[in-house]
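[1] Okay, predicted coordinates and the sequence, questions at the end:
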Amino acid sequence: MTMYPEVKAETRRVVVVGHGMAGSRVVAELLAAKPELDITVYGAEPHVPYNRVLLSNLVAGKADEQSIQLLDAQLCGTSVKVNSGVTVTAIDRESRTVCASDGSRTPYDALVLATGATAARPPLKRLTCDDGELLTGVVTLRTLDDCREILRLAAEASERSGRPARALVLGGGLLGLEVARGLVQRGHRAEVLQFGPILMERQLDEGAARALHGALAAVGVEVRLGTSVLAVAGRERFQGVECEDGGFVPGDLLVLATGMRPDTALAAAAGLPVGRGVVVDDLMRTADPAVFAVGDCAEHRGVVHGLVQPAWEQARVAAQVIAGVPEVAPYRESRVVTRLKTSGIDLASMGEFAPDGTEDDTDVVVFQDTRRNLYQKVVVRDCKVAGAVMVGESATLGTVTQLFDRHDPVPRDRRLLLFPLAATAVGETVLPDDALVCHCNAVTKAEITAHRGSDLASVARTTRATTGCGGCREAVAKLLES
């Protein structure tokens with residue numbers, strides 16, 4: 001059994017480095033657990049904290065900047081000192097102080113690193129100028145400023161040429177596909193360049209990827225698979241990319257969606273153990289028990305999640321430990337459901353979706369309709385849902401997700417997991433009140449149905465449902481109407 005040192009009751013001064021989704025949630029959890037704490041927050045971005053997951057909705061024009069602001073930021077009030085647009089430059093662990101870019105030095109009893117991640121830059125020739133900045137017309141998508149730049153570049157290109165802008169998106173993962181679809185919804189052209197043989201290779205198998213490819217084509221997103229980009233073309237401004245096979249793909253702007261890298265520089269400079277992320281234990285503490293790490297920068301048991309649900313679960317654990325809450329439940333690996341948040345395409349992936357087929361205790365149930373770009377697959381092990389991947393509209397997605405999350409036994413007739421009959425046999429209508437509907441914020445069916453008749457915005461403010469990845473929005477709306 002893992003033993004944890006006793007939490008010090010005298011903890012009073014807390015410094016949080018990072019005021020994004022993880023950092024703002026840490027502050028909210030600290031205020032809930034111990035309101036008298038003296039909390040100081042440093043945020044490198046000058047903006048009010050916002051939901052980074054919903055930036056693709058901003059690109060698509062489905063949301064504005066105000067609508068993606070985080071509710072947690074509004075909880076700070078005047079009891080928390082927030083330093084926006086100020087970066088922490090160093091940690092002095094011996095004196096327990098942090099040094100910031102504005103020249104300030106702030107002491108702490110507990111320090112939380114929520115430094116997030118930075119957008120990865122692929123090793124392409126001529127990607128950057130002599131000063132190290134990206135070539136004009138090339139942009140990442142990690143911050144609100146990046147989002148503004150993408151929209152500005154697309155609008156300017158369209159105005160110059162008198163036609164819709166042609167955007168190239170490098171990377172066929174979740175973020176790349178969402179921004180490509182968003183640009184198409186804005187009236188521009190978008191072409192995804194994917195190095196590998198399938199899209200979203202970490203979340204989909206070949207059958208699901210083919211269905212997704214077809215669904216993207218149906219809504220106007222072009223995709224090139226097996227494309228190895230070597231260099232960027234253009235001296236003053238981006239003009240296209242050169243490929244390994246000698247081909248050239250023209251474009252007005254290039255969006256880099258090639259992954260994220262945990263921002264560990266501050267922790268490494270302070271002498272804390274760093275792997276892919278800042279190494280933490282089950283209570284989100286680093287090797288220094290006064291220093292915690294949560295969210296995209298944290299590495300727990302060798303895993304860096306980079307998703308909102310684990311970040312908020314980690315934030316709760318760290319805050320409770322700092323506040324001295326007795327018998328804090330340690331953080332365990334999150335059971336994450338990945339959703340593609342884009343209009344016209346339904347996609348969800350969870351758990352293990354590609355077993356090797358040799359396990360005697362494993363059943364795999366698959367339905368595929370290539371004409372309609374439908375693909376549904378559920379993996380059952382020991383009579384429990386071990387994983388699933390679903391592309392296209394599914395009457396049983398809510399049921400499968402709840403069975404996966406709760407480790408509940410599945411029906412003896414496995415077909416009920418895929419076909420509409422399951423909606424009445426084991427579906428949402430008979431789910432218990434404690435079933436999770438919003439996984440990001442752990443909001444149950446009962447908490448939502450208690451607000452029947454209310455509008456979605458007020459329920460979001462009250463329960464936080466729909467304010468994470470946004471994948472539960474439709475399910476919450478249906479429960480409020482039922």
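    Perfect, thanks for sending it.
[2] And the helices in the stretch 101-250 of the chain, which stretches?
    144-161, 174-185, 206-218 (DSSP state H, counting those that start in this stretch).
[3] And the contacts of the longest one?
    This points to helix 144-161. 45, 47, 50, 55, 58-59, 65, 119, 137, 139-141, 164-167, 179, 183, 186-188, 252-253, 255 (C-beta atoms under 8 Å, 6 or more residues apart in numbering). (Each C-beta comes from the backbone N, C-alpha and C, glycine too.)
[4] Kindly state which of the helices of the stretch 101-250 of the chain is positioned closest to Asp455.
    helix 174-185 (24.5 Å; C-beta to C-beta).
[5] Quick check: which ranges of this protein have low pLDDT?
    Scanning the chain for pLDDT under 70 picks out the ranges 1-9, 72-78, 356-359, 420-432, 482.
[6] Quick check: Ser79 vs Leu37, distance?
    Distance from Ser79 to Leu37, counting by C-beta to C-beta, to the nearest Å: 9 Å.
[7] More neighbours: which of these two?
    Between Ser79 and Leu37, counting by other C-beta atoms under 10 Å, Leu37 is the more crowded of the two (20 against 13).
[8] Mean neighbour count, the helices of the stretch 101-250 of the chain: which tops it?
    Greatest average neighbour count among the helices of the stretch 101-250 of the chain goes to helix 174-185 (a mean of 26), per mean count of other C-beta atoms under 10 Å.
[9] Give the residues shared as contacts by Ser79 and Leu37.
    Contacts common to Ser79 and Leu37, judged by C-beta under 8 Å, 6+ apart, are Leu31.
[10] C-alpha coordinates for the helix or strand hosting Ser24, PDB please?
    Here Ser24 sits within helix 21-33, counting by DSSP states H and E. Output in PDB follows, covering the C-alpha atoms of helix 21-33 (Å, rounded to 0.1, in the frame of the first residue of the first chain):
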ATOM      1  CA  MET A  21      -8.400  25.200 -17.700                       C
ATOM      2  CA  ALA A  22      -6.400  23.300 -15.100                       C
ATOM      3  CA  GLY A  23      -5.200  26.300 -13.100                       C
ATOM      4  CA  SER A  24      -8.500  28.000 -12.800                       C
ATOM      5  CA  ARG A  25     -10.100  24.800 -11.700                       C
ATOM      6  CA  VAL A  26      -7.500  24.400  -9.000                       C
ATOM      7  CA  VAL A  27      -8.400  27.900  -7.700                       C
ATOM      8  CA  ALA A  28     -12.100  27.000  -7.700                       C
ATOM      9  CA  GLU A  29     -11.500  23.800  -5.800                       C
ATOM     10  CA  LEU A  30      -9.200  25.500  -3.300                       C
ATOM     11  CA  LEU A  31     -11.900  28.200  -2.600                       C
ATOM     12  CA  ALA A  32     -14.500  25.500  -2.100                       C
ATOM     13  CA  ALA A  33     -12.300  23.500   0.300                       C
END
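[11] What lies in contact with the helix or strand harbouring Ile91?
    When elements are assigned from DSSP H and E, Ile91 belongs to strand 88-92. Strand 88-92 is contacted by residues 17, 42, 97-101, 111, 266-267, 269-270, 291 when judged by C-beta under 8 Å, 6+ apart.
[12] Quick one, which of these are buried?
    Burial of these was assessed by neighbour count (16 or more other C-beta atoms under 10 Å); the buried members are Val17, Tyr42, Thr97, Val98, Ala100, Leu111, Leu266, Ala267, Ala270, Val291.
[13] when you check these against the strands, which ones overlap?
    Judged by DSSP state E, those include Val17, Tyr42, Thr97, Val98, Ala100, Leu111, Val291 as members of strands.
[14] ok, back up a step: would you pull up how far the strand holding Ile91 lies from the middle of the chain?
    27 Å (C-alpha atoms, centre = their mean, to the nearest Å).
[15] Neighbouring strands - and their directions - for it?
    Its sheet considered, strand 88-92 pairs with strand 97-100 (antiparallel) by DSSP bridges.
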